[in-house]
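Give the three-dimensional model of this entry:
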Amino acid sequence: MNLILKYIKRKLLLYWILRVSVISIFLVIGIVAYFILFPSIIYINSIDIPRFLVKTSAGEYELLNISTCPIVEINEEISLINVQKTVSSTQLDFIKQSISSGGEWMPKHCIPQHHTAIIVCYRNRTEQLQTFLYHMHSFLQKQNIHYQIYVIEQTFDAEFNRGKLFNVGYREVTMRSLAGCFIFHDVDLMPENINNIYGCTSCPRHMSTSINVFNYKLPYYNIFGGAIAMTRRQFHDINGFSNVFYGWGGEDDDLFNRVYHRGYRVCRYPSFISRYTMLTHEKETPNENRMKYLRNGPKRFYTDGVDSVTYNLIKYEQLPLYTRILVNV
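Presented below is the predicted three-dimensional model:
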């Protein structure tokens, strides 16, 4: 009798071991297949860029009896634009002639397909801001888009909070503008390739994937900082940036997690298009709590973001080359 019981127990044990093994194998296969079929990042070939671009003009040009602006022709042989790292006041005065108050510009000979708000977080980097404004206005006018540059400036009452400033910028811009595409941009990054169209795509786009200080290589796979583009719908769906990351680091990785959590995929253009020059600057103080906030991020995705951002608006002014939004966060 004991031998029979032992035999039955052995058979049951083998049965459960085999069952668990089969389930584990199918689970692993399922996970691998998921990441193969639904990768977190989509790489867009240059030939497919027009298909992924989203028209973000909101019908504000319907009364204009002119044709639609063509998309910049993607040309792999195009020469890169030289980034001038020092800019004189004379050069800035010259480009002011073609810019509307508040840093706005749109083509006059055709209807733009893209209406883009470029939101720049900023504090105490005057020379870099001048270089950025000179370079970007010259760069963007070659793309036949309707754009406006907004600089969200933080006072010195607290540590710098990049994510919160971007949320503030989005809130303030959407109250005053019909722009359908939002590009969240660091002030020290200058695009080099005119094919890097400052419009939005059907997936949130990481624009600055090839930066000179990293030898034009990605520092890590899921990096999502520097310059990114999202439509109104995309930014609203992910609830924007987290507001808790004071100091340097963490908010861009948290944003990547928000995008993926909401079922979006990050997309990138080829590296020869996504080239940027970074201006030199002192490193910011790292946020000691950034890893803890990252781990706990999913718990706050719906309660901590653009819908809950708090700030004091100190000044909103339209300057010749940009709109300045000074805030205390």
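
how close does Glu73 sit to Tyr269?
15 Å (Cβ to Cβ, to the nearest Å). Quick note: C-beta positions are derived from backbone N, CA and C, even for glycine.

Please name the residues that touch Pro50.
For Pro50, the contacting residues are 71, 74, by Cβ atoms under 8 Å, 6 or more residues apart in numbering.

Output the helix or strand hosting it as CSV, nothing but the C-alphas.
Per DSSP states H and E, Pro50 falls inside helix 49-52. Only the C-alpha atoms of helix 49-52 are listed here, as CSV (Å, rounded to 0.1, in the frame of the first residue of the first chain):
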residue,chain,number,x,y,z
ILE,A,49,8.5,60.1,-42.1
PRO,A,50,5.7,61.8,-44.0
ARG,A,51,3.3,58.9,-43.2
PHE,A,52,3.9,59.2,-39.5
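
what's the neighbour count on the nearest residue to Gly199 once chain neighbours are set aside?
In space, and not counting its chain neighbours, Gly199 is closest to His114: 3.6 Å by Cβ to Cβ, 6 or more residues apart in numbering. Neighbours of His114 under the rule other Cβ atoms under 10 Å: 24.

ok, now Glu153?
Neighbour count for Glu153, taken as other Cβ under 10 Å: 17.

helices or strands up against the host helix or strand of it?
In the assignment (DSSP H and E), Glu153 maps to strand 146-154. If contacts are counted by 3 or more Cβ pairs under 8 Å, 6 or more residues apart in numbering; DSSP states H and E, strand 146-154 sits against strand 104-105, strand 115-122, helix 126-140, helix 162-174, strand 323-328.

so which of the ones you listed comes closest to Met207?
strand 115-122 (11.0 Å; Cβ to Cβ).

Contacts for the closest one next, please.
When contacts are defined by Cβ under 8 Å, 6+ apart, strand 115-122 is touched by residues 56-58, 60, 129, 132, 136, 140, 145-154, 160, 162, 165-166, 169-170, 173, 177-187, 198-200, 322.

What ranges does the chain have for its helices?
For the chain, the helices defined by DSSP state H cover 2-37, 49-52, 89-96, 126-140, 162-174, 232-237, 251-261, 290-295, 297-300.
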